[in-house]
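Visitor: Dropping a prediction and its sequence here:
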Amino acid sequence: MTSFAELTTMGVGGYIERFVEPTTRVALIEEVEDADSKGTPLCVIGGGSNMLASDDEFHGVVIRDARRNITVPDEAAPVEEGDYTVHVNAEAGVNWDDLVQFCVERGLEGLEGLSGIPGTVGASVVQNIGAYGQEVASAVESVEVWDREEKKTLEMSNVDMQFGYRFSLLKRSMYKAPGIPNAQYYPTPRYIVLSVTFALVHTGTGMVNYPQLASALNVNLHDRMPIDRIRAVVLEVRASKGMLEDATRYREPIMVGTKRADQVEAAIAAQHAFREQHDGAARDMIIDIASDTGTNSDPNRHSCGSFFMNPIISEADAARLPEDAPRFPTTLPDGSTGVKTSAAWLIDHAGFHKGYKLSDDARAGLSTLHTLSITNRGGATCDDIVKLADAIRDGVRKQFGVTLIPEPVLVNVTL
């Protein structure tokens with residue numbers, strides 16, 4: 001039997017009663033319909049990078065979309081009146097970073113800042129992934145979905161998707177309120193992504209919109225740089241924070257074919273090079289790589305990425321934070337002015353520093369490179385992860401009066 005531990009980047013989770021990988025659009029819809037008609041618990045999984053599953057067996061069906069085609073519908077169309085927009089359509093099962101590489105190779109601007117984010121195209125629009133000055137929402141033209149309630153396909157525009165910070169209409173269907181699941185559509189949203197159409201620009205250069213990225217590139221904020229250079233530096237910065245997945249997972253039988261083979265080998269080579277080039281904590285925490293299997297036991301890469309979302313709070317709540325707490329203007333769900341602060345800053349200043357563990361022999365701990373990442377240090381269970389997450393959330397709430405909201409989808413897990 002397949003387990004969530006095999007399918008997720010955190011590497012924990014119980015066995016799955018039924019695991020299927022539809023290879024056609026019709027088969028995908030039929031599998032979803034079959035589960036819904038029978039009242040069978042349903043979990044649609046992408047790359048497993050934003051999911052924490054219980055150690056108990058999952059008595060339901062887990063669907064992983066095996067459709068991985070990328071097309072350029074207007075590839076042959078001539079440029080008209082200086083419009084260099086190029087549309088790219090990707091099926092939901094496409095590995096996200098494969099899509100980014102595909103676009104960068106063709107000189108298409110719009111996704112390069114999102115390099116290295118694990119997961120799939122389908123999951124990217126549910127979560128509205130973002131990093132280094134870009135969000136997927138800025139490049140999405142439309143999303144084709146299967147509506148589980150109306151039992152029909154829909155073409156949703158960018159506006160229809162109601163994108164927000166790590167948010168979309170699809171994600172909204174999963175929750176009654178922030179962090180409170182809607183049992184009817186959880187852990188799988190009402191709308192199942194079938195494909196996404198992106199509107200990108202054929203230019204070969206991109207704008208540097210993030211201070212840390214500008215510093216790494218040694219350029220000014222808002223300068224333009226070749227997009228392949230931006231992608232390379234984004235990957236370097238993410239590696240320095242432990243915010244890249246363990247690429248050797250794609251050599252496991254259950255993962256083979258889910259990512260471009262050339263990209264897998266390039267990522268593994270970069271992973272090995274990072275190990276060789278860095279001293280201190282980053283290197284000390286990486287155990288031997290077995291040459292016969294290529295397995296990398298770097299625990300900093302065994303995570304869900306950012307475990308907590310950056311809190312969006314009222315101006316009154318923000319005023320109670322220490323003066324040096326990060327503050328960024330934003331809009332609250334009711335339309336009023338709010339403040340976004342840094343979850344990583346709150347965690348660190350509540351006493352949970354890089355590498356923090358509940359005990360010396362704990363199998364779960366914060367990354368030694370980044371306080372926002374809870375990691376499986378080797379042999380951790382879901383319960384180990386939850387205990388650490390609970391301690392961090394309780395500590396931040398006690399210190400600052402702010403309740404952190406988990407970013408991963410929790411499958412039969414209460415936090």
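Guide: Right, received. Where do you want to start? None of these values were measured; they are calculated from a predicted model. Numbers count the residues shown, from 1 in each chain.
Visitor: In contact with residue 400, which residues?
Guide: 320, 321, 325, 346, 349, 350 (Cβ atoms under 8 Å, 6 or more residues apart in numbering). Any C-beta I mention is one placed from the backbone N, CA and C, and that applies to glycine too.
Visitor: For the stretch 151-300 of the chain, just list every one of the strands.
Guide: Listed in chain order, the strands of the stretch 151-300 of the chain (DSSP state E, counting those that start in this stretch) span 152-157, 175-177, 180-181, 191-202, 205-207, 224-226.
Visitor: the bottom helix or strand of this protein by mean pLDDT?
Guide: helix 281-284 (a mean of 47; mean pLDDT, DSSP states H and E).
Visitor: Give me the next element, helix or strand, following that one.
Guide: strand 312-314 (DSSP states H and E).
Visitor: okay, the strands of the stretch 151-300 of the chain in TSV with distance to residue 307 next?
Guide: Shown next, in TSV, are the strands of the stretch 151-300 of the chain (distance: least, Cβ to Cβ, whole Å):
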stretch	distance to residue 307
strand 152-157	29
strand 175-177	17
strand 180-181	17
strand 191-202	23
strand 205-207	29
strand 224-226	31
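Visitor: can you tell me which of those strands comes nearest to residue 361?
Guide: Among the strands of the stretch 151-300 of the chain, strand 180-181 comes nearest to residue 361, with 32.6 Å by Cβ to Cβ.
Visitor: Pairing partners for the closest one, with directions?
Guide: Partner strands and pairing direction for strand 180-181 (DSSP bridges) are strand 175-177 (antiparallel).
Visitor: And for the strand it pairs with, what's in contact with it?
Guide: With contact meaning Cβ under 8 Å, 6+ apart, strand 175-177 is reached by 181, 182, 186.
Visitor: likewise stretch 11-20?
Guide: Stretch 11-20 has contacts (Cβ under 8 Å, 6+ apart) with 1-5, 7, 31, 51-64, 302, 376, 380-382, 384-385, 411.
Visitor: related to what we said a few turns ago, columns neighbour count, pLDDT and secondary structure on top of the contacts of residue 400, output as a markdown table?
Guide: A markdown table is the format used below for these (neighbours: other Cβ atoms under 10 Å; pLDDT from 0 to 100; DSSP: H, G, I helix; E, B strand; the rest coil):
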| residue | neighbour count | pLDDT | secondary structure |
| --- | --- | --- | --- |
| 320 | 12 | 95 | coil |
| 321 | 20 | 97 | coil |
| 325 | 16 | 97 | coil |
| 346 | 27 | 98 | helix |
| 349 | 18 | 98 | helix |
| 350 | 20 | 98 | coil |
